[in-house]
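1. Coordinates for the following, if possible.
(one chain, ligands or ions: 1)
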Amino acid sequence: MNISLDLGELQLNKRFFIGKVLPALDGSRLGSVIDIGCGSGIYVELCRQIQEAVHPGVPMRCYHGIDQQELRPLEERYPFFRGHQLQLCRDSLPELPEVETVLCCEVIYYLPCWEQVVDYMLQHATVQVAFDLMYFLDHRREPVVAPLTYCKGSEHLTYLIRSLGEFERAIDRLLTKHPAARVAHRAEWPISPVAMQNWTGIADLQVTNGWLVIRKD
Ligand SMILES: C[S@@+](CC[C@H](N)C(=O)[O-])C[C@H]1O[C@@H](n2cnc3c(N)ncnc32)[C@H](O)[C@@H]1O
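-> Residues are numbered from 1 along each chain as shown. Prediction:
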């Protein structure tokens, strides 16, 4: 599939998504999407291009983007895009119809209410969910709250990094509430301590970025 995104030099994680996560998603079921923490909309463009390649001439039905940042530019650019500007963990999540695919990319590890967000994703996806976590592989490590001043705006985001085991137990609990859902794919890459130090200011933080694809079909 020919995808042409201007990823720039910072977007290693997007390349990882395209190479290692996207193949586990059903590209024919990206015509209706909820994207939690959609940011400036790279995944909107990615889904639009995949939809165009898989179903030529059939436009996206809907793409709901949820984020605390201004989403009007995405609404102006994409006729199928609906923005829901709110602060996750403070405001209620919007009442939206079910969609085929729910994405939450590079956001969950900023959210103390991440379990509610995963629950919401599992409720709203009819086909598939993809999201990523950041964790210590060593279960003996204490969770770290690492301050990070988010580089794109004035808001202050904070990494919440827990052990993989802690995340897995919580995800298992959530999956029991949604019996049709199962983990279909995992992909992980170790983030270098130097990169983590650049982002958080904390030395020696060896963490892994792990993606999960959960399917309901
Ligand atoms: C690292 S960016 C990822 C953006 C996009 N998903 C991507 O991968 O390009 C994190 C996004 O999460 C949003 N975000 C973080 N915490 C949030 C919160 N509490 N409520 C709403 N949005 C939040 C930020 O505004 C930002 O757009």
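2. what bits of this protein have low per-residue confidence?
-> Within the chain, the stretches with pLDDT under 70 are 1-3, 5-10, 149-155.
3. how about the residues of it that lie near the ligand?
-> Residues of the chain found near the ligand (CB under 6 Å from any ligand atom) are 37-39, 42, 67-69, 87-89, 105-107, 110-111, 157. Heads up, the C-betas are built off the backbone N, CA and C, glycines and all.
4. Buried only: go through these for me.
-> 37-39, 42, 67-69, 88, 105-107, 110-111, 157 (16 or more other CB atoms under 10 Å).
5. if we can go back for a sec, max pairwise distance over the residues of the chain next to the ligand: which two?
-> Ile42 and Cys89 (22.9 Å; CB to CB).
6. So which of the residues of the chain next to the ligand is the closest to Gln49?
-> Distance to Gln49 across the residues of the chain next to the ligand (CB to CB) is lowest for Ile42, with 10.9 Å.
7. Help me confirm that that closest one comes into contact with Asn13.
-> No. With contact defined as CB atoms under 8 Å, Ile42 does not count as touching Asn13 (10.1 Å).
8. Return the subset of the residues of the chain next to the ligand lying in helices.
-> Per DSSP state H, helices hold the following members of these: Ile42.
9. Look up the closest residue to the residue in the chain positioned nearest to the ligand, ignoring the ones flanking it.
-> Ranked by CB to the nearest ligand atom, the top residue of the chain for proximity to the ligand is Gly39, at 2.7 Å. In space, and not counting its chain neighbours, Gly39 is closest to Asp67: 6.0 Å by CB to CB, 6 or more residues apart in numbering.
10. cool, and Asp119?
-> Per CB to CB, 6+ apart, closest to Asp119 is Leu174, 5.7 Å.
11. For the one you found, what are phi and psi?
-> phi -70, psi -40 (degrees, to the nearest 10).
12. what's the single longest strand in the protein?
-> strand 125-136 (DSSP state E).
13. That strand: what's the following helix or strand?
-> Next helix or strand after strand 125-136 toward the C-terminus (DSSP states H and E): strand 144-149.
14. Hey, what's the angle from that following strand to strand 125-136? Just curious.
-> Angle, strand 144-149 to strand 125-136, by axes from the mean of the first three to the mean of the last three CA atoms, to 10 degrees: 100 degrees.
15. Extract the C-alpha set from strand 144-149 and format it as PDB.
-> Extracted in PDB, the C-alpha atoms of strand 144-149 (Å, rounded to 0.1, in the frame of the first residue of the first chain):
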ATOM      1  CA  VAL A 144       7.500   6.500  37.900                       C
ATOM      2  CA  VAL A 145       5.800   9.800  37.500                       C
ATOM      3  CA  ALA A 146       8.100  11.700  35.200                       C
ATOM      4  CA  PRO A 147       7.500  15.400  34.600                       C
ATOM      5  CA  LEU A 148       7.600  16.400  31.000                       C
ATOM      6  CA  THR A 149       6.700  19.800  29.600                       C
END
